[in-house]
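>>> Quick check, what structure comes out for this input:
(one chain, ligands or ions: 1)
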Amino acid sequence: MGTAVGQSGVASAAVIGAGFAGLAAAAALQAAGAAVTVLERERRVGGRVWSQTLPGGAIVEMGAEFVTEGYTVLPALVSRLGLELAPMGMSFTRRDPRGGIGVDAAALEAGLAALVAAVEAGAGEGLTVAELLERVPMDAGARELIACRIQVSYAHPVSLLAAGAVRHVGELFDDVEARRVAGGNQQVAERLAAGLRVQLGTAAVRVVQVGDGVRINDDLDVDAVVVSVPAPATDGIAFEPPLPAWKADALARVVYGQAAKLAVPLLAQAQASSVLSVPEHFWTWTAKDGDGAVAPLVTAFAGSGPAVDALRVDEGPSRYLERVAALRPDLELDAAAAVLSTWPDGAYSARQPDRPADLDDRLEAKVERIAFAGEHTERHWYSTMEGALRSGERAARQLLGSA
Ligand SMILES: Cc1cc2nc3c(=O)[nH]c(=O)nc-3n(C[C@H](O)[C@H](O)[C@H](O)COP(=O)(O)OP(=O)(O)OC[C@H]3O[C@@H](n4cnc5c(N)ncnc54)[C@H](O)[C@@H]3O)c2cc1C
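From the prediction side, this is the model:
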């Protein structure tokens with residue numbers, strides 16, 4: 001199947017899925033000299049990164065929005081692609097809490113410090129976030145707010161989420177200015193795809209190992225393949241021979257959090273803001289766009305199944321709109337122009353205490369000439385754009401024999 005690249009024997013490769021993971025894998029394989037074909041089921045690239053432009057010009061991120069602290073691969077890629085990160089004038093982490101018990105800044109800080117100390121002492125081992133929070137002495141309002149902040153961002157109930165799954169606990173309420181890609185996050189996917197051969201509207205349904213290569217959908221023969229679809233989507237692909245039990249079981253064990261976003265154009269100018277509904281587990285923001293001006297748009301993000309269910313998003317945006325209006329009486333909403341985005345198959349992966357200790361190893365491991373990528377396969381930065389990119393680069397290294 002062509003001339004082998006380096007020692008790897010990978011002269012040609014296919015990548016299934018054109019989300020950030022698949023595109024990162026494809027770019028890395030192509031950079032190593034392989035002829036790469038990307039198959040994407042939808043008619044656009046980006047997967048859970050999906051930017052839409054409203055008639056007034058404001059950009060709505062239907063999926064991933066924030067480039068948060070600690071990301072390194074994504075910011076470097078953004079600048080390599082000639083894009084920029086735009087400061088948003090508001091904080092992703094420090095949100096103005098409304099409703100609930102209430103807590104002052106000193107009690108919140110003390111509660112957070114106690115939680116950090118408990119995590120560092122290993123007290124969260126095997127516990128859910130809710131169980132750990134119950135064991136750490138703190139003000140009730142602090143406990144409620146910390147639980148809410150975690151539940152919303154991890155899109156999963158704190159009664160199910162592993163305490164060890166929460167990244168950088170001490171920074172949960174830092175007053176750091178948020179960033180996103182100026183002009184829309186999806187441009188990262190579009191610019192990566194521009195240098196690649198991508199077949200849109202093409203789902204991979206069959207992956208067959210033949211001789212020393214792989215045949216996809218009966219007509220694409222390659223030396224190796226990267227499967228970069230969300231874990232449940234692997235069920236839609238018939239593997240021959242079937243995936244080994246250790247891999248199929250690992251994919252079946254990935255748990256997903258639930259989220260829904262609502263973007264509502266504004267009829268009057270607003271200041272940048274970040275406001276959290278503590279009892280309802282959703283938050284809202286108004287933010288600067290790439291031009292430095294606050295866009296006439298408020299966006300809401302509800303995280304966790306119970307929060308999404310309470311907003312009855314399967315019936316449309318009306319209940320969500322009503323709750324956003326109640327939380328943000330300071331804003332003049334153009335309700336008729338609201339844009340709802342739901343992710344019924346799951347927003348991103350979540351981690352529970354019953355997760356087997358070897359699951360990361362199994363999710364990451366390749367099967368013969370099939371490597372696996374996707375945010376759910378990333379040990380640390382799972383559930384993020386950063387994790388998706390890292391997983392794709394790692395999958396490419398595995399096939400090229402350098403990992
Ligand atoms: C509402 C929401 C908000 C988020 N907010 C943030 C945020 O603020 N910051 C952040 O960093 N992350 C955020 N995320 C998470 C981030 O979007 C994901 O972690 C990341 O985009 C996942 O990339 P991926 O490549 O692993 O998967 P995906 O983007 O899901 O890509 C998989 C691709 O595979 C395709 N596919 C599926 N099956 C097949 C098949 N059989 N054949 C061919 N193609 C197939 C799909 O169509 C899709 O394009 C958010 C996600 C959601 C849903």
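>>> burial count for the closest residue to Gly46 other than its chain neighbours?
Of all residues not flanking Gly46 in the chain, Ala189 sits nearest, at 3.8 Å (C-beta to C-beta, 6 or more residues apart in numbering). Placement of C-beta: from N, CA and C, glycine included. The number of residues packed near Ala189 is 27, by other C-beta atoms under 10 Å.
>>> For the one helix or strand Ala189 maps to, name the packing helices and strands.
Assigned by DSSP states H and E, Ala189 belongs to helix 186-194. Applying 3 or more C-beta pairs under 8 Å, 6 or more residues apart in numbering; DSSP states H and E, one finds that helix 186-194 contacts helix 20-31, helix 73-80.
>>> ok, residues contacting that helix?
Helix 186-194 has contacts (C-beta atoms under 8 Å, 6 or more residues apart in numbering) with 18-20, 23-24, 26-27, 38, 44-47, 49-51, 74, 77-78, 81-83, 181.
>>> Please list only the buried members of those.
For the contacts of helix 186-194, a burial check counting by 16 or more other C-beta atoms under 10 Å picks out 18-20, 23-24, 26-27, 38, 45-47, 49-51, 74, 77-78, 81, 83, 181.
>>> Cross-check those against the ligand and keep the overlap.
Applying C-beta under 6 Å from any ligand atom, the subset of the buried ones among the contacts of helix 186-194 adjacent to the ligand comprises Ala18, Gly19, Phe20, Gly47, Val49.
>>> check contacts around the residue nearest to Trp246 when sequence neighbours are not counted.
Closest residue to Trp246 apart from its sequence neighbours, by C-beta to C-beta, 6+ apart: Arg362 at 5.6 Å. Arg362 is in contact with Trp246, Lys247, Asp249, Ala250, Pro356, counting by C-beta under 8 Å, 6+ apart.
>>> and those, which two are the farthest apart?
Lys247 and Pro356 (13.0 Å; C-beta to C-beta).
>>> Looking only at neighbour counts, state which of these two leads.
The neighbour count for Lys247 versus Pro356, taken as other C-beta under 10 Å, is higher for Lys247 (19 against 11).
>>> And that one, which helix or strand is it part of?
Using DSSP H and E, Lys247 sits within helix 245-252.
>>> and if you look at Leu321?
Mapping Leu321 onto the secondary structure by DSSP H and E places it in helix 318-327.
>>> Please name every helix or strand in contact with that helix.
Going by 3+ C-beta pairs under 8 Å, 6+ apart, helix 318-327 lies up against strand 259-265, strand 273-277, strand 282-286, strand 297-303.
>>> Indicate whether that helix makes contact with the ligand.
No: judged by C-beta under 6 Å from any ligand atom, helix 318-327 and the ligand are separated, with a smallest distance of 13.2 Å.
>>> what about the closest residue to Leu161 other than its chain neighbours, how many neighbours?
Distances taken as C-beta to C-beta, 6+ apart put Val129 closest to Leu161, at 4.8 Å, once the chain neighbours are dropped. Around Val129 there are 27 other residues, counting by other C-beta under 10 Å.
>>> which residues sit in contact with Val129?
Val129 sits next to Ala147, Ile150, Gln151, Val158, Ser159, Leu161, Ala162, Ala163, Ala165, Val166 when contact means C-beta under 8 Å, 6+ apart.
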